[in-house]
Structures are given as structure tokens and as C-alpha cells.
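# Everything below, folded, please.
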Amino acid sequence: MTKTPEELRSYRWFGGERTSGLRAFSHRSRMRQLGVEAEEHLGKPLIVILNTWSDINPCHMHLRQRAEQVKRGVLEAGGFPVEMPVATLSETFQKPTPMMYRNLLAMETEELLRSYPADGAVLMGGCDKTTPALLMGAASANIPAIYLTAGPMLRGSFRGRPAGSGTDMWKFWDDARAGLVGDCELAELECGIARSPGHCMTMGTASTMTSAAEALGMTLPGMASIPAVDSAHYRMAAATGRRIVGMVWEDLTPDKILTREAFEDAVATVLALGGSTNAFIHLIAMAGRAGVDLTLDDFDAISRRVPWLANVRPSGKYLMEDFYFAGGLPALLGRLATVAGALHPERVTVTGGPFGEKITGVPVHNPDVIRGPQTALAAEGGVAVLRGNLAPDGAVIKHIAAEPRLVKHTGPAVVFDSYAELQMRIDDPALNITPDSVLVLRNAGPKGGPGMPEYGMLPIPDYLLAQGVRDMVRISDARMSGTSYGACVLHVAPESFVGGPLALVQAGDLITLDVGARELSLNISERVWVTRQEQWRPPGPKFERGYGALYSEHITQANEGCDFGFLARRGRNPEPDPG
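From the prediction side, this is the model:
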């Protein structure tokens, strides 16, 4: 299908001639106020560039420059570019967590695309929550859209050794708490762990989600792996600008790309990458916006048939720069495609062609970084979905990042009712925490956190770190940074704040984790269980007004994607009146 100029959305704003009507006259006169002649934009696709750049988001500090390259591509292809700022969601600075504002950016994206004369959109993001937020909003608006990812930063460096943002920070911090390193080492690491624009260069949430976006077919092939400061990133930005103009004329909208098969392939990609557990929440929410019913059971089923192929930290050895030079995501997808039933090569992507077209025959330049099925790091994906009386609606664990001795474990619970209490009491010898204890944090979920902060990598007591203990079973209704590691059970649903079973755990209760059996259970009698349920009282609301109140009233649980119910549901949201 090829549109005519009269079929463009922008035609309803600007018309085709000066006698089109009063409103069109007004819109054209205001374009002239912007310094734009009618001949520059009339009859051309108007491309809105949604830019999450800001002065306080280091992941995106180069996106102003990239927007100029996108504009160049749009102009080269005969479109007219318009850049618009949207919420930046800086993972490194925003509290209590940018997860609380993901849906706000999704709403902003949808409404800007709906209410302005946008024929197509280039979405610019990369920091953890910006990828799902932008794609959720674009899926709901359903005009032609393409994603330009920020790209990973350059590898970090510490005393001649590569250092990974997040991952090595956690490790060095534990060493500092154990008295193994001091201020000098920490100062050097602070200066060398994040050396350029771009998001985390480990397989944290940012790289996981940008890779998922590429696997979904919402970016040009190869986009997600390119380091932020590489000249290939400049060229990809211009190519993205050119391609969105073609997508407008072809009427290639997100609903034609974001199919059930696309989401299954994105899940398979995340698992093959050894990616972040946060992807479970985001992909479920994104699928919901696209009308696809994606569940935790889908993740677990796909995990059992997809091998772990990317040897990238925090679970592996290398960093994203190494992954890029080894062949990047197209090379990994090419290897994954050799696993029977792992991918759907015939589905369409933003290229207008089939997904499999751009991943066939891509060479791997370092087979230790990107493995094949015969040399996989593990035969199954690295994340498991757990169920049991402690998580009736599910919980997740990235077991490839845990010490093997802990994937089947029973131990006594040590319970903390808040993250503040955890920080204050974790080193108290009176708690009698041992390596066999199970640390439990509650009231850190979607409503209780609020926003499911990344508290899930609960700290190990200093005195155990000094003894060489580096992992313990830890359970919470929180999330965990994708750069983190350890035997951390996350996203327990329903959360304790709304009366989920985690609210009933008491100190000393035995808890069983069995990853192989996909089990998470609290070992108490039915009578004790019922008594505790009867005694539980709901806490008061976290917010009484503002966005926090809106959030608390409408947020769904982790297994449902933590979207707002009124945004996730189907229903009519009409286009603006033509007048």
C-alpha cells in the first residue's frame, strides 16, 4: 500500500492549498512563524522525533546530536522532521525509581503522537524504562514508528582491566564492605567505570530491552549493539530517519509488526542473551498494548527450549563493546535461528521485509562471546519462573547469576518490612544471619515500594562478606538491576503491600527454593497460614494526591506488567477532530 499526500495525518492540519479552511490557514501561518515555508512541509510526511535527552541523563547525553542526524535522514527521504522533548527517566538519578514513571512517559508518547500532526515517529531512548515506555506509547497510538536506541557506553577500565557499569560496582562495593579495598580503589573505579555517553555496557536492563526492541522488529537491524559513540551510530541515526519516511508512505504501523510471534522472538532473544529479569515486566506490558496476551508461563516455556548464547556480564565474561565487534545482535539471532522453533523468520519488521532476512549468514567474529547451540553457556535460558504458596501469581529468578549451591535450598527466613529497616539492621549480629538464612524484603512491590525499586539484590551482612560469603538466597517483591547478580528471587506476586503471601512470613519460617522444580514455598501449616491471614491488616496508602495517587490507584501487579489498567485495556481512543 502506498499513501497519497491527501491521506497523510498532517493533511488534516495543513490542507493542500490556501483555501482549505480557517484552521488549516492558522496552522500554516504558525509554521511560518516557526520560519518554515509551506513548500518545505506541505504534502510531505511530518516526522515527530521524540527525544528523551536531558542534562541529567548520561545515558542519553548524545541524543541531541543524534536527533540532528535523524533529521538529516528524514530530509534526504523527502519528509519534514519536528523534534519534541519527552520525559527522560534517568535510571541513575530519578527516585524512588523511574519504573514509577514508565507509564507516564508511555502516556505522554501516545498523546503527543495522537494530538499533533504526526505522520510517523522516531523514538529516541535507551535507558532502562525509556525503551518499553516509548514502544508502549507508540503501540497505543499506532502510527508508523521506529526506534533509535542510545547505544551502550564504552567499556569501563580499572587498573588495566575491563570494568562493567553496575556489575563491577556491586562487586567492588562488597569488597569494600568486607575491608578488601579502600578509598583509593573506589575513587579510581568511580572515575573509570562510566567513560562515555550511552547506557550500561553490560547485559543489564538497558541492553536487554534495546535488544528486545530490535528482536521485535522495531529498529533497523544491528541498531541495539552499536556503541553510543561509534560512527556507525551516527550513520544508523540517519538511516533511521530515512526509513521512517518510507514506513509512512507504506502505512507500516506497529500493529503489523508487534505480533504474537514478534513477542515470542523477543522473549527468546532476552533468554539467549542472559538478559535482565526486568524484561519480563516490560515485555508483558508492551505485549498488552499490542493486544498480545503474554504471560510468565510463556517466558518459562520458551526458557526451557532456548540456550544461553551471549557470554556477557553480569552472568558472562565480556561487555557490550566486545559483543558488538563479535557480530552484535544479528549474529546472535542467526545462531539462535538454528535452534528448531526458536524464532519466526517470516514476520515483518520496520524494514518492510521478513525478520529472518537480516540475520541469515551474519558472521560471528569471536565465538567465545557469541556462542552457538553446540557451545552454549547453558542448554536453557537463564531465567526461571517460580510458583508455590509464596508466589501464587509467580516470581522470577536469574539462576545463571546465582551460585549453583543455592538453586535448591531451604533455610530460615530473616524478614525486613522495608528497605530502610534492611539498611539499618542488616549488620546487626542479633539477627543471627548465617549463609543458610533466607533474607526476605517486603513492601517493595509496585504499590508498596512504591514503583518496585531495584532493591532485590539485598545486601549481605558485612561480617559474612568478610568471611568470603558472596551469595545468599534473597526474596522480595522488588525488582533488581539488570547489572546485578546473585540468588535473588524477585517480582513475588501478589506483592505483600496488598496482602500477598510474602506479608505472612515471620522470622525463622523455613522457605524452600527449588529452581529445577520451579518452586518457592513457605513451610508452615494450613492452620498457621489461615491465622496469619486473619491477623494481617492493610497498610495506609503511600500517596494522598498527585501522580502518586493516580499511580497507586491504577497500577497492576508484576505478573501483569505493571501497566495502568486504563491504558492497557482495549477500547476506542478517537483521532482528533479534523477541524
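
# quick one: contacts for the spatially closest residue to Pro538 that is not a sequence neighbour?
Leaving aside its chain neighbours, Pro538 sits nearest to Gly499 (6.4 Å; criterion: Cβ to Cβ, 6 or more residues apart in numbering). Every C-beta, even on glycine, is put in place using the N, C-alpha and C of the backbone. For Gly499, the contact set (Cβ atoms under 8 Å, 6 or more residues apart in numbering) comprises 533, 536, 538.

# now swap in Leu502 and tell me
Counting by Cβ under 8 Å, 6+ apart, Leu502 has contacts 390-391, 440, 442, 475-477, 492, 495-496.

# so of those residues, which ones are in strands?
Taking DSSP state E as the definition of strands, the contacts of Leu502 contribute 440, 475-476.

# By mean pLDDT, flag the weakest helix or strand of this structure.
Of all helical and strand segments in the chain, the minimum by mean pLDDT, DSSP states H and E falls on helix 167-177, at a mean of 82.

# Show me what secondary structure element comes after it.
Remark: after helix 167-177, the chain's next helix or strand is helix 183-192, criterion DSSP states H and E.

# Alpha carbons only: can I get the least confident helix or strand of the chain in CSV?
Output in CSV follows, covering the C-alpha atoms of helix 167-177 (Å, rounded to 0.1, in the frame of the first residue of the first chain):
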residue,chain,number,x,y,z
THR,A,167,28.1,-5.2,37.8
ASP,A,168,31.7,-4.3,38.9
MET,A,169,30.3,-1.6,41.2
TRP,A,170,28.4,-4.2,43.1
LYS,A,171,31.4,-6.4,43.4
PHE,A,172,33.8,-3.7,44.5
TRP,A,173,31.3,-2.3,46.9
ASP,A,174,31.0,-5.7,48.6
ASP,A,175,34.8,-5.9,48.7
ALA,A,176,34.9,-2.5,50.3
ARG,A,177,32.4,-3.6,52.9
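
# Please point out which parts of it sit buried.
167-172, 174-177 (16 or more other Cβ atoms under 10 Å).

# ok, back up a step: I'd like the contacts of Gly499 as JSON lines, with neighbour count and pLDDT appended.
Shown next, in JSON lines, are the contacts of Gly499 (neighbours: other Cβ atoms under 10 Å; pLDDT from 0 to 100):
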{"residue": "Gln533", "neighbour count": "12", "pLDDT": "96"}
{"residue": "Trp536", "neighbour count": "13", "pLDDT": "96"}
{"residue": "Pro538", "neighbour count": "9", "pLDDT": "94"}
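
# other SSEs contacting the least confident helix or strand of the chain?
Judged by 3 or more Cβ pairs under 8 Å, 6 or more residues apart in numbering; DSSP states H and E, helix 167-177 is in contact with helix 183-192, helix 462-466.

# The first one packs against which elements?
Packed against helix 183-192 by the contact rule (3+ Cβ pairs under 8 Å, 6+ apart) you find strand 156-158, helix 167-177.

# so can I have JSON lines of the ones you listed showing distance to Leu148?
Listed next are the helices and strands packed on helix 183-192 as JSON lines, based on distance: least, Cβ to Cβ, whole Å:
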{"stretch": "strand 156-158", "distance to Leu148": "24"}
{"stretch": "helix 167-177", "distance to Leu148": "26"}
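
# Go ahead and confirm Thr349 touches Phe355.
Yes. Look at Thr349 against Phe355 with Cβ atoms under 8 Å: they come within range, at 5.3 Å.

# Quickly list what's touching both of those two.
Here Thr349 and Phe355 share the contacting residues Gly217, scored by Cβ under 8 Å, 6+ apart.

# picking up where we left off before, quick one: work out the angle between the least confident helix or strand of the chain and helix 183-192.
Helix 167-177 runs at 170 degrees relative to helix 183-192, counting by axes from the mean of the first three to the mean of the last three Cα atoms, to 10 degrees.

# how much distance is there from the longest strand seen in the chain to the middle of the chain?
Longest strand in the chain, counting residues (DSSP E): strand 408-416. Here strand 408-416 is found 29 Å from its chain centre; the criterion is Cα atoms, centre = their mean, to the nearest Å.

# Out of the ones in strands among the contacts of Leu502, give me the one that has the most neighbours.
For these, the largest number of neighbours (other Cβ atoms under 10 Å) sits with Ser476, at 32 neighbours.
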